[in-house]
Structure formats: structure tokens, C-alpha cells
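Participant: quick one, fold the following:
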Amino acid sequence: MRRHNEGTEATGSPERADGSRPGAIGPRRRRAAAGLCATALLLAGCAMPRPHVPLQANAQGGRTFYVSPQGDDGDDGRTPQTAWRTLRHADALRFKPGDRLRLKGGARFTGTLSIGPGDAGDVRRPVVIESYGSGRATIAAVGTRGIEVHDTSGVSIRDLVIVGDRASYRLQDGIAFVSDLPGDRKLPYVRVSGVEVSGFRNGVRLHGGAAGSGFRDVRITDSVLHDNQDAGLVTDGPAFDAQRPAYAHDRVTVSKVTAYANVGDPGARDRNTGSGIVLGSVSHGLVEQSVAHGNGAASAADAKEGPEGIWTYNSTRMTFQRNVSYDNHTGSRVDGGGFGLDNNVSDSLMQYNLAYGNDGAGFLAYTAVLNDAHKNNTIRFNVSHSNARKIQEYGGIVAFGARLTNLAIYQNTVLATANGPVRAPALRLEPSLGSVTVRNNVLATDGPPVVSALGAFDTAAVLMQGNDYHGAGALNLLWGDRWYSDLATWRGETGQEQLGPQATGTDADPCLTQVPLPTAGPRVGSAGPARGALASRCADALKGAAVDLRAIGVDPGPVDYFGAPLSGSPGVGAAAHAGPSA
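Facilitator: The predicted structure is shown next:
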């Protein structure tokens with residue numbers, strides 16, 4: 001029935017139509033046994049059997065099975081009173097559409113569950129694995145995965161705690177959906193909700209096949225993934241081919257997931273480890289109202305790569321919105337940031353997110369491959385403050401790589417603060433960039449460079465319009481090999497901050513202040529000690545420096561960072577007006 005069981009052999013005998021197995025006490029045998037026990041009760045100490053309860057289908061039309069520490073593997077498992085006792089026995093079950101496997105809440109079960117190609121349900125009648133009674137049941141894996149779903153779908157896993165041991169931490173996934181089917185086949189309907197997963201290599205993983213097989217209509221919600229080695233949540237698929245891109249997974253939603261203390265592998269120097277949420281090989285993905293913090297502290301990749309809080313690669317049509325990513329780290333000299341659009345990401349959007357206190361960039365757009373696959377992405381209405389705490393070569397918002405085109409960066413608020421000798425800029429731009437627009441952002445520092453552009457970009461490569469550039473003291477802007485301390489001089493020599501004959505932009509003080517996360521703003525499931533977003537108390541005074549995005553064909557969206565409706569030109573920064581504290 002099941003493969004990929006990571007060393008755990010399924011046991012048990014085939015079930016009868018009523019759910020019982022040969023060797024179990026069926027209805028007729030129970031009546032005979034009851035008579036014998038009544039006769040010999042005093043002489044032999046025979047225990048009276050439980051009364052037979054007629055079995056009914058559940059609301060989905062399937063069967064329901066129970067597992068309890070007080071159960072008996074010789075019973076039929078069909079009621080709480082006739083529950084099975086061990087996870088090993090339940091793992092022998094062949095699931096059918098609509099079936100439910102229910103583990104007693106508050107109890108701990110050692111072992112693993114595997115659902116193979118001959119099992120599982122469908123979109124209308126999924127197989128459900130869940131807790132019952134009070135609290136959540138715990139699955140304690142011993143050198144194995146906690147739950148594996150292999151080459152099948154129609155599965156909902158909910159309201160469980162799944163923990164691994166040392167061997168699982170090094171090698172296994174807590175919840176794994178694996179497809180190695182031939183061809184570009186997408187298995188429909190995956191649900192994971194209300195779970196807590198810790199002590200594995202990855203907390204939750206979706207793995208696609210070499211030909212692009214994977215999963216479709218995936219929802220991972222209301223869960224906590226912590227103290228795993230490589231990542232809290234990861235999806236992956238085949239190697240990326242820019243000429244014929246194939247994505248393993250389609251329509252993946254991650255909502256209200258908290259990923260923390262996934263620290264990384266100190267022995268892995270050839271790969272990145274220690275990320276919070278990583279979506280690779282996804283088409284049409286959404287990450288919202290989620291939190292990543294305290295990840296990556298033990299990562300040790302070489303200088304080529306490292307972890308991030310929340311990021312995507314080899315993907316298209318992705319949206320990251322209303323998330324918080326803070327205090328993430330890297331053990332190398334790269335990455336360790338809040339949010340990332342990495343290699344081969346296209347037609348994707350990051351909006352209404354907050355990043356602060358990360359080792360690397362607050363928001364990163366990057367590609368290391370020489371193709372045209374990193375394109376048509378947008379970073380808007382985000383807040384970045386006090387990022388690049390470890391790596392000066394980053395900044396609040398960073399764009400660079402081998403070939404990166406059609407990137408729009410607008411309506412963000414960035415404050416870069418020095419961390420001892422580390423003095424990263426608010427905005428960093430590096431070759432090779434093409435058709436990158438940077439408009440209506442607040443770019444402020446307490447002393448580091450406001451902008452560090454390691455290329456004297458012409459306006460076809462990078463176009464800056466309507467931004468506020470404010471530093472402590474002089475402007476302090478690097479453009480190519482030239483430093484500028486005067487906005488007018490830079491504008492005149494480079495053609496930046498011009499809209500036709502009109503001069504745009506300003507170096508006025510935006511009067512930034514921290515404000516609590518508002519009810520109407522980027523709601524998150526469990527933000528922890530979020531230090532709040534940044535609002536400009538002088539936002540209305542900066543409006544004259546902005547460009548009207550709608551007038552130049554850019555739709556800024558319906559609301560600003562704080563959820564305020566946008567009407568007319570939104571001004572400069574992530575807040576349309578002075579913010580909720582004004």
C-alpha cells in the first residue's frame with residue numbers, strides 16, 4: 001500500500017467490509033465470547049467485551065477510525081470506545097475517499113503515517129487526519145517522517161503536533177507531500193492546518209518530480225513551524241529551464257503560518273539552510289499574514305548563498321502580502337534578509353510587508369543566472385527599517401544580479417540605521433539592471449548612504465522619480481564612482497528625478513516615527529514582538545515631490561500599507577497620508 005515509509009514497515013492484516021481484520025473479534029464472535037465470559041467470569045477472570053455499536057458513515061460518506069492510548073489493536077477502531085492503540089496499526093489502513101483517522105487529543109503516539117498511491121481521497125471527499133477530544137494529539141517520529149503523502153492527494157492534515165528526534169532532524173521532513181509521477185501531472189487538493197511541527201530537517205515540504213509533476217490547490221494555514229534544521233516550510237521541483245519553464249506546484253496558499261528558530265545546518269556549506277518559508281517551483285502562489293523570525297542562526301553556507309526569512313525562486317505569479325519578517329540571520333556573507341525574489345522569478349508582487357532587524361536586505365530582488373527569466377516583478381507599499389545589520393553590502397531594498405529586468409519599486413518606506421561599523425544604504429542597486437523604476441519611496445538613513453548605486457545607470461536601465469532622499473546631514477548618494485551631496489546636482493548630471501521638464505523628488509525630512517501594527521494594516525497570525533511599522537508625520541508635505549503613478553500608466557492598487565483607500569496620487573512612501581498615529 002505504501003512506499004517511501006523511511007524504514008517503517010506497515011503491519012496488520014486486510015480489513016473486512018465492516019472495518020475489522022482477521023483475528024479481530026467480529027460481531028458474531030463477540031456474542032459467543034460474551035456468553036463464555038458470563039459463565040466463567042468468577043473462575044477465569046474473563047473480561048466482558050464492549051457492546052457492539054452499529055457503524056455509520058461520517059458526514060463525508062467515508063469511514064472514521066480512532067486511535068487512543070487506551071485502545072486495542074484487536075478492536076475495529078471505528079468508535080472512541082473501540083479505538084486502536086498504536087499508530088503502527090493505523091498505518092496499515094488503506095484509505096478511501098472520505099475516510100477520517102482521528103488521534104486522541106492530548107495523547108502522544110510514536111511512529112509515522114504514510115499514505116501511498118493506492119490511498120487517499122478526492123477533492124469532494126478528502127481523507128482527513130486529525131485530533132479528537134480535548135487538545136491536539138502528538139505524533140513522535142523516530143528517525144522517520146511524521147506524515148508522508150506519496151503520489152496521491154485529496155488529503156487534509158489538521159490539528160496535530162508533530163515532533164522528530166535527532167535522526168529525523170538530520171534527514172527527514174515533518175509532513176511531506178512527494179510526487180515522482182511521470183510527466184507534468186498535478187495532484188489536486190492538499191490541506192494542512194492547525195499543526196505545530198518541530199525537530200525535522202524541514203517542517204513541511206512539497207516535493208515535485210523531475211518532469212514537473214507536483215501538487216495543485218494547496219493550502220497551508222494557521223500553523224507553527226519551528227526548531228527545524230533547513231526550513232520551516234519548503235516547496236521544490238525540477239531544475240529550471242528558461243526556454244521551457246515547468247513548475248511543480250500550482251495555486252499554493254500559505255496563510256497565517258509562523259516559522260521561527262529554523263536555524264540551519266552548520267555542516268552544510270554547499271547549500272542554503274535556515275530559512276523560514278521557501279517557495280520554489282510554484283505557479284500562482286500566495287504568502288499572506290505570516291511571520292518568519294529568528295531563522296538561520298546556525299547556517300554555514302559558503303559566500304554564494306544563504307537563508308532568508310520568506311522567499312521564492314524558480315516561480316511565477318507569486319504574491320507576498322501582509323507578512324512580517326524580522327531578526328533573521330545568516331552564517332555566511334550573503335543573504336540573511338527578510339524577503340526575497342530570487343533566481344528565475346517573474347510576474348510577482350511583494351506588498352504591505354514589514355521587514356526589520358535582519359542580517360541582510362529587508363527586500364531583495366536578485367538573480368545569479370544569465371537568462372531573461374527574472375522579470376516583471378513589483379515591490380510596493382512595504383516598510384523596511386534597521387535591516388542589513390550584519391552585511392553592509394546589502395540595504396533596506398536591494399536589486400542586483402546577472403540579468404534583472406522590468407522591476408518596479410514604488411511607495412515603500414525605508415529607514416537604514418548604522419549598526420556599529422556596518423553602514424548599509426536605504427537602497428542598493430548593482431549591475432546588471434534593465435528597465436528598473438524606483439518611484440515615490442521614502443529613502444532615509446541616520447548616517448549611512450541614502451543610495452548606493454554601483455553603476456552610473458542611465459534612465460533606460462534605472463529610472464528614479466518622486467523619491468525622498470534624506471540622510472543625517474548631507475545627502476550622501478553614490479552613483480557609479482561619484483558621490484553626490486546635492487539633489488539638484490545629481491539630477492542635472494544624470495537625468496534622474498525628472499518627469500519631462502518637471503523636477504521631481506526631494507531631500508526633506510520625512511519625520512519618520514514607529515507606530516503599532518494597526519487593525520486595518522498588515523494583519524499577521526503571530527507577529528511576536530513586532531516593533532511596529534514606520535509612518536511619516538510629514539507625508540502630506542512630501543506630496544509635491546511625488547509623481548502621479550496613474551498618470552504614467554501605473555496602477556498603485558486599492559490601499560496603502562495601513563489599509564487606507566487610495567484616491568488620487570498616493571504621495572511618497574508606504575502611507576498615503578500621515579499614518580494612523582497622526
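Participant: can you list the residue ranges for helices in the stretch 51-200 of the chain?
Facilitator: Ranges of helices within the stretch 51-200 of the chain are 87-90, 166-171, based on DSSP state H, counting those that start in this stretch.
Participant: can you tell me which of these is packed in deepest?
Facilitator: helix 87-90 (a mean of 22; mean count of other CB atoms under 10 Å). Yep, even glycine has a C-beta here, placed from its N, CA and C like the rest.
Participant: does anything pack onto that one? Which helices or strands?
Facilitator: strand 64-67 (3 or more CB pairs under 8 Å, 6 or more residues apart in numbering; DSSP states H and E).
Participant: same for the strand it packs on, what does it pack against?
Facilitator: helix 87-90, strand 100-104.
Participant: pipe those into TSV and attach mean pLDDT and distance to R63 per row.
Facilitator: Formatted as TSV, these follow (pLDDT from 0 to 100; distance: least, CB to CB, whole Å):
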stretch	mean pLDDT	distance to R63
helix 87-90	97	12
strand 100-104	98	7
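Participant: let me have those in CSV, extended by distance to V438.
Facilitator: Below are these laid out as CSV (distance: least, CB to CB, whole Å):
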stretch, distance to V438
helix 87-90, 55
strand 100-104, 52
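Participant: would you turn the helices of the stretch 51-200 of the chain into TSV with distance to I115?
Facilitator: As requested, the helices of the stretch 51-200 of the chain are exported to TSV (distance: least, CB to CB, whole Å):
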stretch	distance to I115
helix 87-90	11
helix 166-171	18
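Participant: picking up where we left off before, right, and the helices and strands packed on strand 64-67 - which one's nearest N406?
Facilitator: N406 lies closest to strand 100-104 among the helices and strands packed on strand 64-67, at 48.0 Å (CB to CB).
Participant: so what touches the closest one?
Facilitator: For strand 100-104, the external contacting residues (CB atoms under 8 Å, 6 or more residues apart in numbering) are 58, 60, 62-70, 80, 83, 87, 90, 93, 95, 109, 113, 127-133, 137, 139, 160.
Participant: direction included, what does that strand pair against?
Facilitator: strand 64-67 (parallel), strand 127-132 (parallel) (DSSP bridges).
Participant: format the ones you listed as a markdown table; extra columns: mean pLDDT and mean neighbour count.
Facilitator: Listed next are these as a markdown table, based on pLDDT from 0 to 100; neighbours: other CB atoms under 10 Å:
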| stretch | mean pLDDT | mean neighbour count |
| --- | --- | --- |
| strand 64-67 | 98 | 23 |
| strand 127-132 | 98 | 22 |
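Participant: got phi/psi on N406?
Facilitator: phi 50, psi 60 (degrees, to the nearest 10).
Participant: contacts only, for it.
Facilitator: 375-377, 434-436.
Participant: wait, a helix at W490?
Facilitator: Yes. Using DSSP: H, G, I helix; E, B strand; the rest coil, the assignment for W490 is a helix.
Participant: re earlier: of the contacts of N406, which pair is most distant in space?
Facilitator: Applying CB to CB across these, the maximum distance is between N377 and G434, 12.6 Å.
Participant: who has more neighbours, the two?
Facilitator: Using other CB atoms under 10 Å, the more surrounded residue of N377 and G434 is N377, with 23 against 16.
Participant: A strand includes that one, no?
Facilitator: Yes. According to three-state DSSP, N377 belongs to a strand.
Participant: in space, what's closest to it - neighbours in sequence excluded?
Facilitator: S348 (4.9 Å; CB to CB, 6 or more residues apart in numbering).
Participant: kindly report the same for G571.
Facilitator: Closest to G571 by CB to CB, 6+ apart is K543, at 4.2 Å.
Participant: check contacts around that neighbour.
Facilitator: By CB under 8 Å, 6+ apart, K543 lies in contact with 569, 571-572.
Participant: now rank those by neighbours and give me the top one.
Facilitator: V572 (34 neighbours).
Participant: what helix or strand is that residue on?
Facilitator: Taking DSSP states H and E as the definition, one finds V572 inside no helix or strand.
Participant: again, but for the one 4 residues further on
Facilitator: With the criterion set as DSSP H and E, no secondary-structure element contains A576; it sits in neither a helix nor a strand.
Participant: which residues touch it?
Facilitator: By CB under 8 Å, 6+ apart, the neighbours of A576 are 539, 560, 564, 566, 570.
Participant: how about those residues in TSV, adding pLDDT and distance to V422?
Facilitator: Output for the contacts of A576, formatted as TSV (pLDDT from 0 to 100; distance: CB to CB, whole Å):
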residue	pLDDT	distance to V422
A539	82	29
D560	93	30
A564	90	34
L566	91	35
P570	87	32
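Participant: of those residues, closest to G264?
Facilitator: Nearest to G264 out of those is D560 (CB to CB; 35.3 Å).
Participant: can you tell me the closest non-neighbouring residue to the closest one?
Facilitator: Using CB to CB, 6+ apart, the nearest residue to D560 is A576, at 4.1 Å.
Participant: tally of neighbours for R191?
Facilitator: 17.
Participant: the closest residue to it other than its chain neighbours bridge partners, please.
Facilitator: Spatial nearest neighbour of R191, excluding adjacent residues (CB to CB, 6+ apart): S156 at 3.9 Å. Per DSSP bridges, the residues bridged to S156 are V128, R191.
Participant: how long is stretch 301-315 end to end?
Facilitator: 23 Å (CA to CA, to the nearest Å).
Participant: again with stretch 539-550
Facilitator: Start-to-end, stretch 539-550 (CA to CA) is 19 Å.
Participant: buried residues in that stretch?
Facilitator: 539, 541-543, 545-547, 549 (16 or more other CB atoms under 10 Å).
Participant: most widely separated two among those?
Facilitator: So, the buried residues of stretch 539-550 by CB to CB: farthest apart are A541 and L549, at 19.2 Å.
Participant: any chance of TSV for the strands paired with strand 100-104, columns distance to D458?
Facilitator: TSV is the format used below for those (distance: least, CB to CB, whole Å):
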stretch	distance to D458
strand 64-67	67
strand 127-132	58
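Participant: of these, which approaches V218 most closely?
Facilitator: Nearest of those (CB to CB): strand 127-132, 15.3 Å.
Participant: and the closest one, how far from the chain's centre?
Facilitator: 23 Å (CA atoms, centre = their mean, to the nearest Å).
Participant: which residues does that strand contact?
Facilitator: By CB under 8 Å, 6+ apart, strand 127-132 touches 60, 62, 66, 80, 95-105, 113, 115, 119-121, 137, 147, 154-160.
Participant: which one of the contacts of N406 is nearest to A474?
Facilitator: Closest approach to A474 among the contacts of N406 (CB to CB): V436, at 25.4 Å.
Participant: L433 is in contact with L407, correct?
Facilitator: Yes. At 7.4 Å, L407 and L433 qualify as touching, with contact defined as CB atoms under 8 Å.
Participant: what touches both of those two?
Facilitator: A399.
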